[in-house]
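Enquirer: pasting the sequence and the predicted coordinates here, then a few questions.
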Amino acid sequence: MTTPVTTGRRRLLAVPAVLALALTAACSNSSSDGGSGGGGGSAAALTGDCAKYQAYAGHSGTKVSMYASILSPESDSLEKSWAEFTSCTGIKIVYEGSNDFESQLPVRVAGGNAPDLAIIPQPGLLAQMVKSGKVVKPPQQTVENEGKWSPVWKEYGSVNGTFYAAPMSANMKSLVWYSPKAFKAAGYEVPKTWADLVALSDKIARAGGETKPWCGGIGSGTATGWPATDWLEEVVLGSYGGDVYDQWVSHKVKFSDEKITTAMQTVAGWMQNPAWVNGGIGDVKTIATTTFQDAGAPILSNKCAMLQQASFYRAQWPKGTSIGPDGDVFAFQLPAVNPQVHSPVEGGGEFLAAFSDRPEVQAVQNYLSSSEWASSRVKVSPGWVSANQGVDKSLYTDPIDKLSAEALTDPSATFRFDASDLMPAAVGAGAEWKALTAWFAEGQSIQKTASDIDAAWPQ
Amino acid sequence: MPTDPRLAGPALHLADSLWQDAAIKFGNTAGAVLGFLGVLLAVFFAAGRATGRFSRPLAVVLMLGPAALLLVVGLVVPLLRTVYLSFYDADAAKFVGGRNYGWAATSSQIHGVLLNTLLWLVVAPIAATGLGLLLALLVDRMRGQAVYKSLIFMPMAVSLVAASLIFKLLYESRGPGQNQVGLLSQLAVAVGWDDPPNWILSQPLNNFLLMSAMVWVQTGFAMVVLSAAIKAIPDEITEAARLDGASGVRLFLHVTVPMIRTTLVVVLTTIMIITLKAFDIVRTMTGGNFGTQVLANEMYSQSFEQYNTGRGSALAVILFLAVAPLVVYNIALLRKERATR
């Protein structure tokens, strides 16, 4: 009986052996391929065009890994913006973009597989990462470069008073998209104050016809509800100014506080007003089921006049839509609810956090925090704005970028970061989205909506 | 390696890091596979040379060892760690006892989630199995049944996310005076219902609308398995029943169903397990809003969106405890069936 068993076992052995051979061959091929792609490029003599990169020299042949949520084609522009830096300094930035970035970064950091650099769009996630103890403080030069942004940005890149991550880009959320052509045809003026905005909305609603003043959509998969948090944030900032806004973010002013519930009433009078919304789509409740991407489409068919959405909404317009002061669509800055608040600007941004203090990583950090890099990125393609004062505004070719850059760099503006990105994730990426969605979709009362959110605040 | 000329130039330069990244990943994977095979090779070689008293125990250890090791690393350790984490706070830093379970038991939000999950557990599997059985009976008597069967089975090949997207478009709704873009709303308008509701917002109807996607996908599976079971009923039994005067409904209820009972239960429990774990449908169609949240999606949201590993783990443990009896029952039945055949 023993013989068949042994032959059986021998035969079993042969299979992995053949497989192993085949894999060895495949593997050696691939590694030599990767090697030839990564090697070379050790020109460290920084002369001519490269002279301006002298400060970052001396790390030729090194690699810096970077992880972010930015995907192609935006990431292609990003890589193009530092191509010259790479070819001059020999520091290679190995970029990896993922749409699971927010959930994968904590996993990778906890698993000891942190990238050298990460572009983090939410200060809340930055705080989460700092808590892990793996985030490294930026070098002195980066701290100095950061000084060209308005002071409030430094707070957003800081955790418990320690500065960790320099801002890379900024975007503006307090915009109202409209059709200059339609406005001109109907004789409407771009409103300068909240009272003008209300009067214009009433006028459009009363004119009857196919056009309603507003359209909106808060659908966004599992993030459904975020555009509604923006509406509330803009009204809070525009009604009470930065101080109350900051206290609200830190929960010293609760959602059930009279100030916030009053702001919610203002939002209800605006985006839940059956006579004003939801042009071209349906009733108030359809705001909850319409994706934010689709929300602005009725503007092009003249079924709705205005949409409150961020600067990045420019990417949602169909190809061939002309964007500009005389075009098919353009945007104006949402006026302050309370005229006492000067130019409230709610926005977002991205921060560069480091998980390593190797010299080449710090060189990249220094370069990406400089106004030279910001200018380089602006030149590559539109749809990207920096709030760095050192960037020449004439570089912006796109009217929306220019509008955003002017508002974001205006020193007298009341700039505040998106509150839901600053609040704890249990609120800013959980309860607030859910409760505001229920407020729109199910007609849930303001009191219940506010107390549901307060209840979710971590103790 | 030969290089594609189209990839040369700036395109190659831009995609450089991508290539390199892919190369690293491939290298890592190949290395891991090679290492694994190498170890196996060495171990089997050693085992092949072993003789005498130790050869049998050694063979047992070697054959069971890798599977057991993988089970421990991939299943037992994560399970224990999840249970452990469920007794800690959001950052897994402080022991909080049963507070996460207390939260799950008392939060009205989680009550709604549990209720929805129970609803899914009861309705979706019964609907899918029932429909599958009906179709199995009907299709069995048709000519060209292979064609119909493949057509009905086809949704099984569609991922749940894709199925959800399709159903989401079906339920799309526009207000009165606008052109309807969703099939369901348009059908409603066609039969004279001028202002159909916003389907996905209509509670509790929306839960059943979501389940339809699951039923659509799983019915084919139920049909194919049940159809095979019906075909396996010996002709003598059916003939004997017919001679005794049974036909139609009676034949079905008293002969067919008892004969395929075990298969029926296995199909039902299998779909139940899939249902309990299915979070893709809810995630894709409503993101858990409008009163449609289920346990699996809430667990993901707590762990990976709100970064509360404690609560997420507690929900995972609850889900595990709910699935475990079904799995055990399912395996026991399968064993019994195998024993009788």
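Expert: On my side now, so go ahead.

Enquirer: state the distance from B:Asn289 to A:Ala438.
Expert: As judged by Cβ to Cβ, to the nearest Å, B:Asn289 and A:Ala438 stand 7 Å apart. Bear in mind the C-beta positions are built from the backbone N, C-alpha and C, glycine included.

Enquirer: neighbour count: these two, which is higher?
Expert: B:Asn289 (26 against 19; other Cβ atoms under 10 Å in any protein chain shown).

Enquirer: per-residue pLDDT, the more buried one?
Expert: Looking at B:Asn289, its pLDDT is 86.

Enquirer: what secondary structure does it sit in?
Expert: coil (DSSP: H, G, I helix; E, B strand; the rest coil).

Enquirer: name the nearest residue to it, sequence neighbours excluded.
Expert: Excluding the flanking residues, the one nearest B:Asn289 by Cβ to Cβ, 6 or more residues apart in numbering or on different chains is A:Thr437, at 4.7 Å.

Enquirer: list the contacts for that neighbour?
Expert: With contact taken as Cβ atoms under 8 Å, 6 or more residues apart in numbering or on different chains, A:Thr437 is in contact with A:218, A:224-225, A:228, A:288, B:289-290.

Enquirer: closest point of chain A to chain B, which residue?
Expert: Closest residue of chain A to chain B, Cβ to the nearest Cβ: A:Gly282 (2.4 Å).

Enquirer: and the residue lying closest to that residue once chain neighbours are set aside, how many residues sit next to it?
Expert: Nearest residue to A:Gly282 in three dimensions, chain neighbours excluded: B:Gly175, at 2.4 Å (Cβ to Cβ, 6+ apart). If you count neighbours by other Cβ under 10 Å, B:Gly175 ends up with 17.

Enquirer: roughly how far apart are B:Gly175 and A:Glu210?
Expert: Look at B:Gly175 and A:Glu210: by Cβ to Cβ, they are 13 Å apart.

Enquirer: equivalent analysis for A:Ala353, please.
Expert: Distance from A:Ala353 to A:Glu210, by Cβ to Cβ: 49 Å.

Enquirer: next: A:Ser451.
Expert: Taken as Cβ to Cβ, the span from A:Ser451 to A:Glu210 is 39 Å.

Enquirer: among the two, which residue is more densely surrounded?
Expert: A:Ser451 (16 against 13).

Enquirer: confirm that one sits in a helix?
Expert: Yes - using three-state DSSP, the assignment for A:Ser451 is a helix.

Enquirer: what sits against the closest residue to it other than its chain neighbours?
Expert: Leaving aside its sequence neighbours, A:Ser451 sits nearest to A:Ser256 (Cβ to Cβ, 6+ apart; 5.4 Å). By Cβ under 8 Å, 6+ apart, the contact set of A:Ser256 is A:447, A:450-451, A:454.

Enquirer: phi and psi next, for A:Ser256.
Expert: Torsion angles at A:Ser256 (phi, psi; degrees, to the nearest 10) stand at phi -80, psi 0.

Enquirer: what's the distance between it and A:Asp454?
Expert: 5 Å.

Enquirer: pull the contacting residues for A:Pro330.
Expert: If you look again at residue A:330, you'll see it is Phe, not Pro. Per Cβ under 8 Å, 6+ apart, neighbours of A:Phe330: A:177-180, A:323-324, A:399-400.

Enquirer: packing partners for the strand or helix carrying A:Gly348?
Expert: If you go by DSSP states H and E, A:Gly348 is part of strand A:344-354. Where contact means 3 or more Cβ pairs under 8 Å, 6 or more residues apart in numbering or on different chains; DSSP states H and E, strand A:344-354 is packed against strand A:117-120, helix A:123-131, helix A:151-156, strand A:166-172, helix A:226-240, helix A:359-368, helix A:399-409, strand A:414-417.

Enquirer: with mean pLDDT, mean neighbour count and distance to chain B added, can I get the ones you listed in JSON lines?
Expert: JSON lines is the format used below for these (pLDDT from 0 to 100; neighbours: other Cβ atoms under 10 Å in any protein chain shown; distance: least, Cβ to the nearest Cβ, whole Å):
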{"stretch": "strand A:117-120", "mean pLDDT": "95", "mean neighbour count": "26", "distance to chain B": "13"}
{"stretch": "helix A:123-131", "mean pLDDT": "89", "mean neighbour count": "20", "distance to chain B": "6"}
{"stretch": "helix A:151-156", "mean pLDDT": "90", "mean neighbour count": "16", "distance to chain B": "19"}
{"stretch": "strand A:166-172", "mean pLDDT": "93", "mean neighbour count": "24", "distance to chain B": "18"}
{"stretch": "helix A:226-240", "mean pLDDT": "96", "mean neighbour count": "25", "distance to chain B": "11"}
{"stretch": "helix A:359-368", "mean pLDDT": "95", "mean neighbour count": "23", "distance to chain B": "13"}
{"stretch": "helix A:399-409", "mean pLDDT": "93", "mean neighbour count": "21", "distance to chain B": "22"}
{"stretch": "strand A:414-417", "mean pLDDT": "94", "mean neighbour count": "23", "distance to chain B": "19"}
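
Enquirer: and of those, who's closest to A:Gln308?
Expert: Proximity to A:Gln308 (Cβ to Cβ) singles out helix A:226-240 among those, at 6.3 Å.

Enquirer: packing partners of that closest one?
Expert: Under the contact rule (3+ Cβ pairs under 8 Å, 6+ apart), helix A:226-240 is packed against helix A:242-249, helix A:258-271, strand A:304-308, strand A:344-354, strand A:414-417, helix A:419-422, helix A:432-441.

Enquirer: check whether A:Leu307 really touches A:Gly296, as I assumed.
Expert: Yes - if you go by Cβ atoms under 8 Å, A:Leu307 and A:Gly296 touch, sitting 4.4 Å apart.

Enquirer: so what's in contact with the two at the same time?
Expert: By Cβ under 8 Å, 6+ apart, A:Leu307 and A:Gly296 have these common neighbours: A:177, A:215, A:313.

Enquirer: what about the spatially closest residue to A:Ala438 that is not a sequence neighbour, neighbour count?
Expert: Of all residues not flanking A:Ala438 in the chain, A:Gln444 sits nearest, at 4.5 Å (Cβ to Cβ, 6+ apart). A:Gln444: 15 surrounding residues under other Cβ under 10 Å.

Enquirer: for B:Val123, give me its contacts.
Expert: By Cβ under 8 Å, 6+ apart, the contact set of B:Val123 is B:208, B:211.
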